[in-house]
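Enquirer: Following is a predicted model, sequence given first.
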Amino acid sequence: MAQKYNIKNMPREEFFASGHRGCVGCCLALAVRLAAKALGPDIIVVNATGCLEIISSAYPETAWEVPWIHTLFENTAAVASGVEAAYKVMKRKGYFPADRPVKIVAMAGDGGTADIGFQALSGALERGHEFVYICYDNEAYMNTGVQRSGATPYGASTTTSPAGKASSGQKTWKKNMPLIAVAHNIPYVATANPSYPFDLMNKVSKAKDVKGPAYIHVFAGCPTGWRSPSDTPVELGKLATQTGVFPLYEVENGKWTMKVESQLKPVKEYLTASQGRYKHLSEETINIIQDRVTREYAELKSRCGIV
């Protein structure tokens, strides 16, 4: 049975250690630290090129206290599939004790998940490989200069979707990767947010126990790319959930459940909360975003059977 975490039983062990090179205020590092605590020592991490790989593995040092493999942007899920298949063969041949299961964990950013790595991920989910896939979503290609990705929100200004006199920033809407994962009929899909640490850890713990693929989409605030003060990402994460921009929910074997905010705050509170990427937005554009968030949140509540 999955472990349920709270302030009293938070593991003291660190499997993603301090000394990494993450920016000040990096919520990606916080999310990975929490996820690693919930996953424990018996894991093999397959990590795509991106912020996480760069900040955690600058030779000759590493922040990882568990086996870790760096792979390319596009094939994280494919490599994780191969590691999982090899582990099964080695376990069958007696190289691993039967009472000490090892979990394969794939980690990639939104670019390496929603864009470049999408084909490999879809194939791995369809084939039913037993691994946990964690997407840390900072909503752009932060490692290479804040270029827009398929997960960049509508209206956000990036270096390749810049706001200006003739542009209000990103012109397309954020790709709904959790819903796409659900469409593969896998056993477990969830969204998580390090601003809600125990919710994140409990979902990772559930995913670890799943027989088959599990997908977790994690909100990961980025002060550098979002042009926000380094002491604000946790509060911004809370606002993202409290406004319905990034709701928290689970889909277990097709059953949808969610933590419902009693009354959503206006999206404007999140968009105008010290985020330079949104400072150009007009009231008209904010209203467009509000209408979309309101509609999608109502659709999510309907899926969860909430009136």
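Expert: Thanks, I have it.

Enquirer: you'd agree S167 is up against A156?
Expert: No. The criterion here is Cβ atoms under 8 Å, and S167 misses it with A156 at 11.5 Å. Glycine gets a C-beta too; all of them are placed from N, C-alpha and C.

Enquirer: more neighbours, those two?
Expert: A156 (24 against 12; other Cβ atoms under 10 Å).

Enquirer: I'd say that one and H280 touch.
Expert: No. The criterion here is Cβ under 8 Å, and A156 misses it with H280 at 9.9 Å.

Enquirer: For this protein, just list every one of the helices.
Expert: With DSSP state H as the criterion, the chain has helices at 27-39, 51-56, 76-92, 110, 118-127, 177-182, 197-209, 223-226, 233-242, 267-271, 283-303.

Enquirer: Format the CA atom coordinates belonging to the last one as PDB.
Expert: What follows is helix 283-303 as a C-alpha-only set of coordinates in PDB (Å, rounded to 0.1, in the frame of the first residue of the first chain):
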ATOM      1  CA  GLU A 283      -7.700  43.300 -19.600                       C
ATOM      2  CA  GLU A 284      -9.200  41.900 -22.700                       C
ATOM      3  CA  THR A 285      -6.600  39.100 -22.900                       C
ATOM      4  CA  ILE A 286      -6.900  38.400 -19.200                       C
ATOM      5  CA  ASN A 287     -10.600  38.000 -19.700                       C
ATOM      6  CA  ILE A 288     -10.100  35.600 -22.500                       C
ATOM      7  CA  ILE A 289      -7.800  33.500 -20.300                       C
ATOM      8  CA  GLN A 290     -10.300  33.700 -17.400                       C
ATOM      9  CA  ASP A 291     -13.100  32.400 -19.600                       C
ATOM     10  CA  ARG A 292     -11.000  29.500 -20.800                       C
ATOM     11  CA  VAL A 293      -9.900  28.500 -17.200                       C
ATOM     12  CA  THR A 294     -13.500  28.800 -16.000                       C
ATOM     13  CA  ARG A 295     -14.700  26.500 -18.700                       C
ATOM     14  CA  GLU A 296     -11.900  23.900 -18.400                       C
ATOM     15  CA  TYR A 297     -12.300  23.800 -14.600                       C
ATOM     16  CA  ALA A 298     -16.000  23.100 -14.900                       C
ATOM     17  CA  GLU A 299     -15.300  20.300 -17.400                       C
ATOM     18  CA  LEU A 300     -12.700  18.800 -14.900                       C
ATOM     19  CA  LYS A 301     -15.300  19.000 -12.100                       C
ATOM     20  CA  SER A 302     -17.800  17.200 -14.300                       C
ATOM     21  CA  ARG A 303     -15.300  14.400 -15.100                       C
END
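
Enquirer: For the stretch 201-307 of the chain, give me the ranges with low pLDDT.
Expert: Flagging of the stretch 201-307 of the chain using pLDDT under 70 yields the residue ranges 262.

Enquirer: Now with 50, please.
Expert: The stretch 201-307 of the chain contains no residues with pLDDT under 50.

Enquirer: for P194, what are its contacts?
Expert: Contacts here follow Cβ atoms under 8 Å, 6 or more residues apart in numbering; on that basis P194 touches 27, 30-31, 34, 200, 218-220, 234, 237.

Enquirer: one step back: identify the contacts common to A156 and H280.
Expert: Counting by Cβ under 8 Å, 6+ apart, the shared contacts of A156 and H280 are G169.

Enquirer: Skip the chain neighbours and tell me the closest residue to V79.
Expert: T71 (4.4 Å; Cβ to Cβ, 6 or more residues apart in numbering).

Enquirer: you'd agree the one you found is up against V46?
Expert: Yes. The criterion here is Cβ under 8 Å, and T71 meets it with V46 at 5.8 Å.

Enquirer: When these two are compared, which one has more neighbours?
Expert: Ranked by neighbour count (other Cβ under 10 Å), T71 and V46 place V46 first, with 26 against 23.

Enquirer: related to what we said a few turns ago, any chance of the helices of the chain in TSV, plus distance to T152 and mean neighbour count?
Expert: Listed next are the helices of the chain as TSV, based on distance: least, Cβ to Cβ, whole Å; neighbours: other Cβ atoms under 10 Å:
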stretch	distance to T152	mean neighbour count
helix 27-39	16	25
helix 51-56	15	22
helix 76-92	20	19
helix 110	8	27
helix 118-127	15	19
helix 177-182	13	19
helix 197-209	22	22
helix 223-226	10	22
helix 233-242	14	20
helix 267-271	14	19
helix 283-303	13	15
